[in-house]
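Colleague: no sequence on hand, only this structure:
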């Protein structure tokens, strides 16, 4: 029988050079080199006041190293990061075998604020120095992720007030019933449970009342044209988050937006917004990346960012952009067979309304002589003209109306009128053309994106930005934000985007 050497995999003391565990070309080596030699972290000194008294603090560079490396490995929990700093040799090399407590890590991540934006900008400058930013085309997109907020605690102030009233009413009803049963023989445990339920109902109602006092106004959405901003649902656990509809259902969270350069997929701007409307975040992202834009830079985005106001703002700023509309794929013959790639909806959950068959007579069933200005209905009766330049929905047409003496006794009223018992006569309009109006920005964008050159240029958007979200969501395990508040969530989103950019630097041979 063959004999083999014994391989001991049990823990033991080893003489290991920690620096040599960070192999050149790896993410951790590039991260260590960046934070030790390239980036100025003096901004973090403001948070400490222990020059003369107080305990020594962990260096911000070390904490950033372990947090960013943990995010690159899919470890988000502060307890998990602490355990890795004690047990994993790469983490031990990055933290110098110091193993910070999980509360220190959690406090550091949740209080980064503007400091992480400084680090993100410094890494971006190094990417530019290394020639990783082309400035030819930028793709903007976002991902909606749940956050550390309860979806059940969303609503308007009026809805919260009704909830508080229901809880108070339920507590009063239970209290009256409890007093009535005092004279009866009831087990002490049952009575104690009822008292606890009453106290919990009162406590929940009081929490809602206190929240209403602290937040005297409803959240408002963005204004659209001349329309006033609509009421946006608040959230009692995280009022900066928003209720958003996704393909996986409705979530309570934030939209992480990223602007990605096409040359090497470097994220040049990362922001988190508590809104599900991507139209609202386009201009803030463009303003944040103004230093990166060149005169000939192209901005691309999907249909979620398309509206007339955004396109007008882009035209006023003379920014070259291609932003798709909802009907772009329907006009593109390349997507003619896209339906075959969609999964068949579950009939138990498919809420798509069934199209009703048209049973009433439509204008195409009427005979219209444009030269003679004569209209004959399907029953063979003449309709008289009562408008030669009628404007409906921006289109001009000729209007005809039936006579009461003809439409009243007509046997085809049920096929001609939607409400034959209430409507006296049938009216029909034949459109002759659209009114001449200045071309809208949306129409210009449609013409640009439908051109052969526009299709080629816009086609690069998908291959630029989608792999970035695939890397963050699948490879890095980003499936939710673990913090509350826009500032904290924005900092966590920037940390993940930092991981992506540093990975790009490492793959390009940085610091080797």
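Modeller: Perfect, thanks for sending it. The structure presented is a predicted model; accordingly, all values stated were derived computationally and were not measured.

Colleague: for the rest of this, base every contact and every neighbour count on C-alpha atoms.
Modeller: Fine.

Colleague: for residue 167, give me its contacts.
Modeller: Residue 167 is in contact with 201, 202, 204, 205, counting by Cα atoms under 8 Å, 6 or more residues apart in numbering.

Colleague: of those, grab the buried ones for ChimeraX.
Modeller: The buried residues among these can be selected in ChimeraX (16 or more other Cα atoms under 10 Å) with this line:
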select :201,202,205
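
Colleague: state which strand of this protein is the longest.
Modeller: Secondary structure of the chain per DSSP state E: the longest strand is strand 249-261.

Colleague: buried residues in it?
Modeller: 251, 252, 253, 254, 255, 256, 257, 258, 259, 260, 261.

Colleague: repeat that for stretch 174-181.
Modeller: Residues of stretch 174-181 classed as buried: 174, 175 (neighbour count, 16+ other Cα under 10 Å).

Colleague: after the longest strand of the chain, which helix or strand is next?
Modeller: Downstream of strand 249-261, the next assigned helix or strand under DSSP states H and E is strand 267-273.

Colleague: and that next one, what does it pack against?
Modeller: Contacting strand 267-273 under the criterion 3 or more Cα pairs under 8 Å, 6 or more residues apart in numbering; DSSP states H and E are the following elements: strand 249-261, helix 282-288, helix 486-507.

Colleague: thinking again about what came up before, closest to residue 165 among the contacts of residue 167?
Modeller: residue 205 (7.5 Å; Cα to Cα).

Colleague: show residues contacting stretch 117-134.
Modeller: Residues external to stretch 117-134 that are found in contact with it (Cα under 8 Å, 6+ apart): 39, 41, 261-264, 266, 268, 491, 494, 498, 501-502, 505.

Colleague: can you give me how far it is from the chain middle?
Modeller: 25 Å (Cα atoms, centre = their mean, to the nearest Å).

Colleague: pLDDT on that stretch, on average?
Modeller: Here stretch 117-134 scores 94 as its mean pLDDT.

Colleague: still on that earlier bit, and the contacts of stretch 117-134, which is closest to residue 275?
Modeller: residue 491 (16.6 Å).

Colleague: doesn't residue 256 make contact with that closest one?
Modeller: No: counting by Cα atoms under 8 Å, residue 491 does not reach residue 256; the two are 10.8 Å apart.

Colleague: which residues of the stretch 1-150 of the chain score low on pLDDT?
Modeller: Within the stretch 1-150 of the chain, the segments meeting pLDDT under 70 span 11-12.

Colleague: mind redoing it with 50?
Modeller: Counting by pLDDT under 50, the stretch 1-150 of the chain shows no low-confidence range.

Colleague: ok, residue 290 - how many residues close by?
Modeller: Residue crowding around residue 290 was assessed by other Cα atoms under 10 Å; the count is 10.

Colleague: give me the three-state assignment for it.
Modeller: In terms of secondary structure, residue 290 is coil; the call rests on DSSP: H, G, I helix; E, B strand; the rest coil.

Colleague: contacting residues around it?
Modeller: Neighbours of residue 290 in contact, by Cα under 8 Å, 6+ apart: none.

Colleague: for residue 123, see how far away it is.
Modeller: From residue 290 across to residue 123, the span is 17 Å (Cα to Cα, to the nearest Å).

Colleague: cool, residue 299 as well?
Modeller: Residue 299 is 22 Å from residue 123, by Cα to Cα.

Colleague: and the strands in the stretch 51-200 of the chain?
Modeller: Here the stretch 51-200 of the chain has its strands, by DSSP state E, counting those that start in this stretch, at 137-146, 154-155.

Colleague: between these, which gets nearest to residue 77?
Modeller: Closest approach to residue 77 among the strands of the stretch 51-200 of the chain is made by strand 137-146 (16.0 Å; Cα to Cα).

Colleague: could I get the buried residue list for the closest one?
Modeller: Using 16+ other Cα under 10 Å as the test for burial, strand 137-146 gives 137, 138, 139, 140, 141, 142, 144, 145, 146.

Colleague: equivalent analysis for stretch 188-201, please.
Modeller: So, applying 16+ other Cα under 10 Å, buried residues of stretch 188-201: 194, 198, 201.

Colleague: just stretch 28-36 next, same as before
Modeller: 28, 29, 30, 31, 32, 33, 34, 35.

Colleague: do the same with stretch 204-216
Modeller: 205, 208, 209, 211, 212.

Colleague: contacts for that stretch next, please.
Modeller: The set of residues external to stretch 204-216 that reach it, using Cα under 8 Å, 6+ apart, is 157, 160, 161, 163, 164, 165, 167, 168, 236.

Colleague: any weak-confidence spans in the protein?
Modeller: Scanning the chain for pLDDT under 50 picks out nothing.

Colleague: so residue 428 is in which element?
Modeller: If you go by DSSP H and E, residue 428 is part of strand 427-434.

Colleague: direction included, what does that strand pair against?
Modeller: Paired neighbours of strand 427-434 in the sheet (DSSP bridges): strand 395-401 (antiparallel).

Colleague: what ranges do the helices span in the stretch 51-200 of the chain?
Modeller: 60-72, 78-87, 89-95, 102-110, 114-129, 157-180, 188-214 (DSSP state H, counting those that start in this stretch).

Colleague: mind giving me the packing neighbours of the fourth one?
Modeller: Just to be clear, that refers to helix 102-110. helix 60-72, helix 78-87, helix 486-507.

Colleague: nearest to residue 309, out of those?
Modeller: helix 486-507 (25.1 Å).

Colleague: roughly how far apart are the nearest residue to residue 171 once chain neighbours are set aside and residue 168?
Modeller: Leaving aside its chain neighbours, residue 171 sits nearest to residue 198 (5.2 Å; criterion: Cα to Cα, 6 or more residues apart in numbering). Going from residue 198 to residue 168 by Cα to Cα gives 9 Å.

Colleague: cool, and residue 385?
Modeller: Per Cα to Cα, residue 385 is found 64 Å from residue 168.

Colleague: now swap in residue 378 and tell me
Modeller: Residue 378 is 64 Å from residue 168, where distance means Cα to Cα.

Colleague: same thing with residue 322?
Modeller: From residue 322 across to residue 168, the span is 54 Å (Cα to Cα).

Colleague: more neighbours: which of these two?
Modeller: Higher neighbour count among residue 322 and residue 168: residue 322, with 23 against 19, using other Cα under 10 Å.

Colleague: so that one: helix, strand or coil?
Modeller: Of the three states, residue 322 takes strand under three-state DSSP.

Colleague: quick check: residue 472 touching residue 500?
Modeller: Yes: applying Cα under 8 Å as the test, residue 472 and residue 500 come out as touching, 7.3 Å apart.
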